[in-house]
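Asks: I'll drop the sequence and a predicted model, then ask my questions.
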Amino acid sequence: MTNAHSRRVEFEALLRRHGAEPARIRGSRGLVRCILPGHDDRSASLSLDLEKAIFHCFGCGRGGGLKALREFLGEAPSAPTRRRTLAESELQQARRAVMQREHEAGAERAEWAPWQCLNAYVRRCKLAVACARALATQLGPDDPRTWSLLEQAAVVEREGLVLEAELDALAMGRLT
């Protein structure tokens, strides 16, 4: 017996046990009076698809598959489903643990993001100074732009070194 066929048989048996009339269904689809607790149905509002083992009540709005119907009707799942539920539960726990670790890693990355941003700024300062010195060398000592370029490079280098020293001191205090 295939899984889909066994699911259909179990779905129909569950419906019959609780007073639904699947015999009134033509083919694999149809409407019957709702059998869900808390819904006193006077007309057929429970839509069924026996092939897919799914339902939806247009009166109370509840729907789902075989598992949901069992839960709504208060029946315990059969043994194979219980094993699958246990495995799904373990899988869900593993997923939650992975998500928790990812969240913690993300929080740690967020905590260190300003530090990394400042480190990137220091690296850009060093690169800008190196580029300015290379350009000043190409321009030569006689070009009037050379000396102002080297003065600005010295200011940027000094600021970068001060910031780098402060970052090192803060990071060492934070890591110890």
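Replies: Looks like it arrived, so ask away.

Asks: burial count for residue 71?
Replies: Each residue near residue 71 was counted by other CB atoms under 10 Å, and the total is 12. (Each C-beta comes from the backbone N, C-alpha and C, glycine too.)

Asks: secondary structure element for it?
Replies: Per DSSP states H and E: residue 71 is located in helix 66-73.

Asks: Kindly state the pLDDT recorded for the spatially most distant residue from the centre of the chain?
Replies: Ranked by distance from the centre of the chain (CA atoms, centre = their mean), the top residue is residue 142, with 61.8 Å. In the prediction, the pLDDT value recorded for residue 142 is 91.

Asks: What are the contacting residues of stretch 29-43?
Replies: With contact meaning CB atoms under 8 Å, 6 or more residues apart in numbering, stretch 29-43 is reached by 15, 18-22, 24-25, 44-51, 57, 59-60, 62, 72-74.

Asks: switch the cut-off to 6 Å
Replies: 18-21, 44-49, 57, 59-60, 62, 72 (CB atoms under 6 Å, 6 or more residues apart in numbering).

Asks: Filter those residues down to the buried ones.
Replies: Neighbour-count burial (16 or more other CB atoms under 10 Å) applied to the contacts of stretch 29-43 gives 20, 44-49, 57, 59-60, 62, 72.

Asks: mind giving me the domain split of the protein?
Replies: Domain segmentation of the chain under automatic domain parsing yields 3-79, 108-175.

Asks: will you turn those domains into TSV that also has distance to residue 90?
Replies: Below are the domains of the chain laid out as TSV (distance: least, CB to CB, whole Å):
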stretch	distance to residue 90
domain 3-79	16
domain 108-175	27
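
Asks: looking at those domains, which is closest to residue 99?
Replies: Closest to residue 99 of those is domain 108-175 (CB to CB; 15.0 Å).

Asks: quick one: the helices in the chain?
Replies: Taking DSSP state H as the test, the helices found in the chain are 3-17, 66-73, 79-139, 144-175.

Asks: ok, now how distant is the residue lying closest to residue 56 once chain neighbours are set aside from residue 55?
Replies: In space, and not counting its chain neighbours, residue 56 is closest to residue 63: 3.4 Å by CB to CB, 6 or more residues apart in numbering. Distance of residue 63 to residue 55, computed by CB to CB, to the nearest Å: 6 Å.

Asks: Could you check which of the two is surrounded by more residues?
Replies: residue 55 (25 against 16).

Asks: Where does pLDDT dip in this structure?
Replies: 1, 22-24, 76-88, 174-176 (pLDDT under 70).

Asks: follow-up on the earlier one: adding distance to residue 89, write the buried ones among the contacts of stretch 29-43 out as CSV.
Replies: What follows is those, written out as CSV (distance: CB to CB, whole Å):
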residue, distance to residue 89
20, 30
44, 36
45, 33
46, 29
47, 30
48, 28
49, 27
57, 28
59, 32
60, 28
62, 23
72, 20
